[in-house]
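>>> take a look and give me a structure for this.
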Amino acid sequence: MLTIFGGLLMPFAHLKTGRFHYEVFGDKQLPAVLLIMGLGMPAAGWPRSFISMLLEKSLRVITVDNRDAGLSEHFSHLKTSMSVPAAIGRALLRLPVQAPYLLEDMALDLVQLLDELKLQRAHVVGASMGGMIGQTLASIRPSRVASLTSVMSASGNPRTGLGKLRAIYSILMHSGDLSTEDGREKHLERVFMTLKSPSYEYSAQEKHELLHEMSRYEIDQAAGERQLLAILASGDRSGDIARITAPTLVIHGEDDPLLPLAAGKEVADLIPKSEFISLPRMGHDLPPIHFETITRSIASHVWQAEA
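Numbers count the residues shown, from 1 in each chain. Got it, this is the predicted structure:
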């Protein structure tokens with residue numbers, strides 16, 4: 001359904017859990033690839049040139065803002081009873097964490113979106129937290145996932161997959177005036193510099209394309225904290241991941257400053273018959289130097305699952 005937002009007609013799905021912003025690219029006769037973005041980020045975090053490469057490989061692409069991100073519903077009516085530092089401490093000790101919602105709830109949002117789009121199944125590609133949502137979706141609704149690609153993600157195992165605290169705080173802690181696009185772009189650049197591939201130098205144009213597009217969207221610190229609490233409260237999902245039956249591809253950067261390479265390798269080891277690709281010079285981002293490798297690998301994986 002098209003809804004007027006900011007003077008523009010935007011596609012929104014009005015689901016049972018709220019209003020979700022999404023976009024669809026490509027021919028509806030082609031295999032549908034659902035892209036799920038990571039913690040606190042809108043779907044605009046998927047570079048347009050990356051999406052274009054998937055389209056060139058005869059795929060249909062669907063992007064969606066997760067709950068509490070971008071233009072989708074922000075769940076500010078849900079109160080948090082635990083601070084992020086306390087939740088991290090409890091998660092490291094494998095103690096229960098309280099959260100307004102779980103990764104499972106975020107995955108079920110996507111089931112509703114597939115229903116809205118009249119799609120029985122989709123090829124799910126998730127980055128970082130998006131990979132965790134994709135893993136959860138493949139675990140709880142296997143019939144809806146034609147294949148899974150988990151990029152720079154983790155299992156929730158405290159030994160490998162909770163992330164490095166400095167990088168986490170860089171994502172969540174905000175500074176400066178976030179009410180303007182310029183202020184938001186400066187904040188996003190600080191996050192970007194913390195997570196980027198350390199040995200890849202982005203051109204000014206590449207950096208501007210990514211950061212300027214995302215800076216159009218409101219930055220909501222409380223929303224990002226709710227998403228992080230969902231990750232922590234979902235705990236170690238290794239047992240659920242081991243039951244995934246969808247054909248699975250795991251991609252991880254060798255220089256990831258947030259989730260170590262071991263986190264991605266662990267996900268691949270847990271899923272029977274999965275394929276694992278480690279990429280040199282890749283951090284916790286999608287550097288253009290790897291666009292062709294990643295999109296080609298995704299397309300090959302999708303078409304093998306379609307065969």
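>>> strands along the chain, start to end?
2-5, 8-15, 18-25, 32-36, 60-64, 122-127, 145-151, 248-253, 275-279 (DSSP state E).
>>> would JSON lines of the ones you listed with distance to Gly235, mean pLDDT and mean neighbour count be doable?
Using the backbone N, CA and C atoms, a C-beta is placed for each residue, glycine as well. Formatted as JSON lines, the strands of the chain follow (distance: least, Cβ to Cβ, whole Å; pLDDT from 0 to 100; neighbours: other Cβ atoms under 10 Å):
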{"stretch": "strand 2-5", "distance to Gly235": "36", "mean pLDDT": "48", "mean neighbour count": "11"}
{"stretch": "strand 8-15", "distance to Gly235": "26", "mean pLDDT": "81", "mean neighbour count": "15"}
{"stretch": "strand 18-25", "distance to Gly235": "25", "mean pLDDT": "96", "mean neighbour count": "18"}
{"stretch": "strand 32-36", "distance to Gly235": "20", "mean pLDDT": "98", "mean neighbour count": "26"}
{"stretch": "strand 60-64", "distance to Gly235": "25", "mean pLDDT": "98", "mean neighbour count": "23"}
{"stretch": "strand 122-127", "distance to Gly235": "18", "mean pLDDT": "98", "mean neighbour count": "28"}
{"stretch": "strand 145-151", "distance to Gly235": "18", "mean pLDDT": "98", "mean neighbour count": "27"}
{"stretch": "strand 248-253", "distance to Gly235": "20", "mean pLDDT": "98", "mean neighbour count": "26"}
{"stretch": "strand 275-279", "distance to Gly235": "23", "mean pLDDT": "98", "mean neighbour count": "17"}
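>>> tell me which of those lies nearest to Ala263.
strand 248-253 (7.2 Å; Cβ to Cβ).
>>> tally of neighbours for Asp115?
14 (other Cβ atoms under 10 Å).
>>> save the strands of the chain as a markdown table, and put in distance to Tyr200 too.
Formatted as a markdown table, the strands of the chain follow (distance: least, Cβ to Cβ, whole Å):
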| stretch | distance to Tyr200 |
| --- | --- |
| strand 2-5 | 34 |
| strand 8-15 | 33 |
| strand 18-25 | 26 |
| strand 32-36 | 21 |
| strand 60-64 | 24 |
| strand 122-127 | 17 |
| strand 145-151 | 16 |
| strand 248-253 | 10 |
| strand 275-279 | 11 |
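>>> tell me which of those lies nearest to Phe75.
strand 18-25 (7.4 Å).
>>> packing partners of the closest one?
strand 8-15, strand 60-64, helix 103-116 (3 or more Cβ pairs under 8 Å, 6 or more residues apart in numbering; DSSP states H and E).
>>> can I get those in TSV with distance to Thr194?
Below are these laid out as TSV (distance: least, Cβ to Cβ, whole Å):
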stretch	distance to Thr194
strand 8-15	30
strand 60-64	24
helix 103-116	23
